[in-house]
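>>> Fold the following and give me the result.
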Amino acid sequence: MGLKQIRAVKDRSWLVKSLAVALVLAVAASTMMVQSRSPAEVQLPAVIGASALPVQGKEVMEQIRLGGPFRYEKDGTVFGNRERLLPGQKRGYYREYTVPTPGLNHRGARRIVCGGQKPRAPDDCYYTEDHYASFKLIVQ
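Coordinates of the predicted model:
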């Protein structure tokens with residue numbers, strides 16, 4: 001192999017490596033864009049009146065105001081908002097509470113998630129009946 005051929009191969013290998021790096025960066029960037037949501041993309045949840053909550057939901061709201069007692073061990077623990085359906089806040093802002101479902105011998109899918117620095121006086125609460133697939137803002 002002559003000197004010109006060696007230089008041509010080296011020139012092409014640099015190009016191939018550069019294209020490979022560009023492709024990896026493009027895939028990484030597109031993955032991040034798909035996985036992250038900007039604040040403008042987060043849709044505000046629907047609204048439900050506190051009086052429209054199921055009886056068990058109303059009872060849980062009262063228990064939240066009183067600071068307990070709660071039926072389940074997980075009640076009052078931090079809700080991570082991994083689904084990003086609620087407004088973005090720092091970890092620890094949201095707490096979850098189980099809304100019992102009559103006839104079930106387990107926690108079921110219904111929850112109330114409240115946010116704020118004072119668990120007994122939350123800034124906002126949300127109701128989900130489908131285990132975090134959707135939320136409704138609870139209004140008085």
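>>> the helices in the chain, which residues?
For the chain, the helices defined by DSSP state H cover 3-35, 55-66.
>>> Grab the nearest non-local neighbour of Y72.
Among residues not flanking Y72 along the chain, T98 sits closest, at 4.7 Å (Cβ to Cβ, 6 or more residues apart in numbering). From N, CA and C alone the C-beta is placed, and that goes for glycine too.
>>> Can you name the residues bridging to the one you found?
Residues in a beta bridge with T98, per DSSP bridges, are R111.
>>> if I pick it, what's in contact with it?
By Cβ atoms under 8 Å, 6 or more residues apart in numbering, T98 lies in contact with V60, F70, R71, Y72, K74, D75, R107, G108, R110, R111.
>>> and the gap between N105 and F79?
Computed as Cβ to Cβ, to the nearest Å, the N105 to F79 distance reads 23 Å.
>>> which one of those two has more residues nearby?
F79 (23 against 6; other Cβ atoms under 10 Å).
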